[in-house]
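[1] coordinates only, sequence not included:
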C-alpha cells in the first residue's frame, strides 16, 4: 500500500495499541475541554468579580456553546486545503490566546467575545483531530481511534473541570483558566513534535464536501447524535439537585457520584470504541437502550440511593458507548469527504447539550418536579432507537444498490453494513486499493 501524509510518508498503524499521536490529540481535547466544564463551577465568582448578575454571567456559557455549534463546519470549510497539523496548532494557539485575553480584561463584553472565539477554535480543533486520528490507523480501528480522542472530553468532565474549580478556589476564578492556557500551549508544542503531518488521499474539494452533506443518511446519523446526547446529558446536568433533593444523598457525597458518571463515560468510550468498529448499529442500539432503561429506573427508584448510585455509573457507560459508533457512522457515510461531515457531528453533540436547559426548563417551569428529568431522558432515548434502526436500513439498502448493478468489490457492501471499509478507507492518507492479482505495492 502506498501511503503519504503531507510531505511525510507514514503508514497507518496496524494492530496492537493506538499510535501515540492519537492519545496526544485526546490530551489536547482534555486541556481545551476542561475550560468548558470549569466555567460552571466558578460562575458565581465570575459574576461577583465583574459585578454582573448570575444570569448575565451565564451568557458566557451560551457564547462558548454558540461558537462550538457554528465553529466546526465553518472551520472545516475555511481550513480544508490547509495541512491538518497546521490547523490543529493554529486552533490551539487561538484558543489559548482567547482564554488569556479574557482573563486579562475587566470588560464583560470583551470576555463574551473571547468565549465565542474560543468556542470556534475548540470546535475547529475537535473536528480536525477526529479526522486526523482516523487517518493514523487502519480502517478496522476508525471508531476506536475517534473514541480515544473523545475520551479526552470525558476526562475533562470528571477531572479537568472539577480540578480547575478546586484550583480557582485558592487562586481566584482565573487560576483554573490559566492552568488551561498552560496545558493547551504545552499540547500545541507536543502536536508540532509528535503528530505526523497528514492530508486526505484526494485533493480537498469544498464542492465534494458539500455534496456529501446532502446525503439524507448522514442527517439521520446527526439526528441520532443530537437525540442520544440530550438523552443522557439531561439527567447528568440535573444530577446534583436530583441526588440531594429527591434521593436524599448528603451533599458531601455528590461529587463522588458525579465522578462515577465520568468513570462510566470513560468505560463506555473504551468499550464502545472496540465494539463499534465491527458492529456500529449494535453499539448504537445497546447505548440508546441502556440510556432508556437507566433513565426509567432512575425515575422509578429515585428514593433509593442504593439503586440510584450504580445507575449513575451505568448511565455514563450507556451514554458514551454510543459516541465512537456515531463517529464511525459519520465517517463511513461521508468517507470520501469527511472533514465537513465530522465537523458537523461536533456541532450536533454540542447542540444536543444545548437543548437540555430548554427541555428541562420547560418541564420544571410547569411544576413537573425533578423526577420528570429522567423521564425526559427516557423519552429522548426512546426516539433515538427508531432513528438508529432507520439508518441501519438505509445503510443496508445502500449497500445492496451498490453491489447489484456494478458488481462492486465485496468490501463495499460490507463497509455499509458494518460501518467500516474492508479494503481501505478513502481518507486514509494516500491509501490505494491492492494491485491486480492481490499484490500490493509499498513505497
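    Done, it's in. Bear in mind that the values here come from a model prediction, so they are computed numbers and not experimental data.
[2] okay, now the unreliable bits of the chain?
    1-16, 198-204, 404-443 (pLDDT under 70).
[3] residues contacting residue 285?
    Contacts here follow C-beta atoms under 8 Å, 6 or more residues apart in numbering; on that basis residue 285 touches 385, 388, 389. Bear in mind the C-beta positions are built from the backbone N, C-alpha and C, glycine included.
[4] no, scratch that, I was asking about residue 195
    Contacts of residue 195 by C-beta under 8 Å, 6+ apart are 21, 24, 25, 85, 88, 132.
[5] most neighbours among these, which one?
    residue 25 (31 neighbours; other C-beta atoms under 10 Å).
[6] how far away is the closest residue to it other than its chain neighbours from residue 397?
    Nearest in space to residue 25, with sequence neighbours left out and distances taken as C-beta to C-beta, 6 or more residues apart in numbering, is residue 129 at 4.4 Å. Counting by C-beta to C-beta, to the nearest Å, the gap from residue 129 to residue 397 is 32 Å.
[7] which residue of these two possesses the greater neighbour count?
    residue 129 (30 against 12).
[8] let's verify that one: helix, strand, or coil?
    helix (DSSP: H, G, I helix; E, B strand; the rest coil).
[9] assess the claim that it and residue 27 are in contact.
    No - using C-beta atoms under 8 Å, residue 129 is not in contact with residue 27, being 10.6 Å away.
[10] so what's the backbone phi/psi at residue 278?
    Phi and psi for residue 278, reported as degrees, to the nearest 10, are phi -90, psi -40.
[11] what's the burial count for it?
    Residues near residue 278, counting by other C-beta under 10 Å: 14.
[12] show me what contacts residue 95?
    Residue 95 touches 32, 118, 121, 122, 125, 184, counting by C-beta under 8 Å, 6+ apart.
[13] who wins on neighbours among the residues you listed?
    residue 125 leads the contacts of residue 95 on contacts (other C-beta under 10 Å) with 32 neighbours.
[14] need the nearest residue in space to that residue, chain neighbours excluded.
    Take residue 125 and drop its neighbours on the chain: the residue closest to it by C-beta to C-beta, 6+ apart is residue 91, 3.8 Å away.
[15] now do the SS call for the one you found.
    Applying three-state DSSP: residue 91 is helix.
[16] residues in contact with it?
    Contacts of residue 91 (C-beta under 8 Å, 6+ apart): 75, 121, 122, 124, 125, 128.
[17] now flag whichever of those residues is closest to residue 221.
    Minimum distance to residue 221 across those is 19.3 Å, recorded for residue 128 (C-beta to C-beta).
[18] ok, the closest one to residue 336 distance?
    Residue 128 is 17 Å from residue 336, by C-beta to C-beta.
[19] looking at those two, which has the bigger crowd around it?
    Remark: of residue 128 and residue 336, residue 128 carries more neighbours, 29 against 17, as counted by other C-beta under 10 Å.
[20] so which strand or helix has the most centrally placed residue in the chain?
    Nearest to the mean C-alpha position of the chain, by C-alpha atoms, centre = their mean, lies residue 150 at 5.1 Å. Taking DSSP states H and E as the criterion, the element that holds residue 150 is helix 142-155.
[21] which helices and strands sit right next to that helix?
    Counting contacts by 3 or more C-beta pairs under 8 Å, 6 or more residues apart in numbering; DSSP states H and E, helix 142-155 is packed against helix 20-50, helix 108-135, helix 254-276, helix 305-333.
[22] chain center to the next helix-or-strand element following it: distance?
    Going down the chain from helix 142-155, the next helix or strand is helix 161-171, by DSSP H and E. The chain centre lies 24 Å from the centre of helix 161-171; the measure is C-alpha atoms, centre = their mean, to the nearest Å.
[23] what sits against the closest residue to residue 320 other than its chain neighbours?
    Nearest-residue entry for residue 320: residue 268, 3.4 Å, with adjacent residues in sequence omitted and distances by C-beta to C-beta, 6+ apart. For residue 268, the contacting residues are 287, 316, 317, 318, 319, 320, 321, 322, 323, by C-beta under 8 Å, 6+ apart.
[24] ChimeraX command to pick out the buried ones of the residues you listed?
    Buried residues among these (16 or more other C-beta atoms under 10 Å), as a ChimeraX selection:
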select :287,316,317,318,319,320,321,322,323
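[25] pull the number of nearby residues for the closest residue to residue 33 other than its chain neighbours.
    Once flanking residues are discounted, residue 33 sits nearest to residue 156: 3.6 Å by C-beta to C-beta, 6+ apart. Burial of residue 156 is recorded as 25 neighbouring residues (other C-beta under 10 Å).
[26] how far away is residue 156 from residue 54?
    For residue 156 relative to residue 54 (C-beta to C-beta), the value is 23 Å.
[27] kindly report the same for residue 76.
    When residue 76 is compared with residue 54 (using C-beta to C-beta), they lie 35 Å apart.
[28] neighbour count: these two, which is higher?
    residue 76 (26 against 11).
[29] was I right to think the more buried one contacts residue 126?
    No - the pair residue 76 and residue 126 fails to qualify as a contact (C-beta under 8 Å) at a distance of 10.7 Å.
[30] between the contacts of residue 91, which sits nearest residue 228?
    Nearest to residue 228 among the contacts of residue 91, with distances taken as C-beta to C-beta, is residue 122, at 21.1 Å.
[31] where does residue 137 fall, phi/psi-wise?
    phi -130, psi 170.
[32] many thanks, we can stop here.
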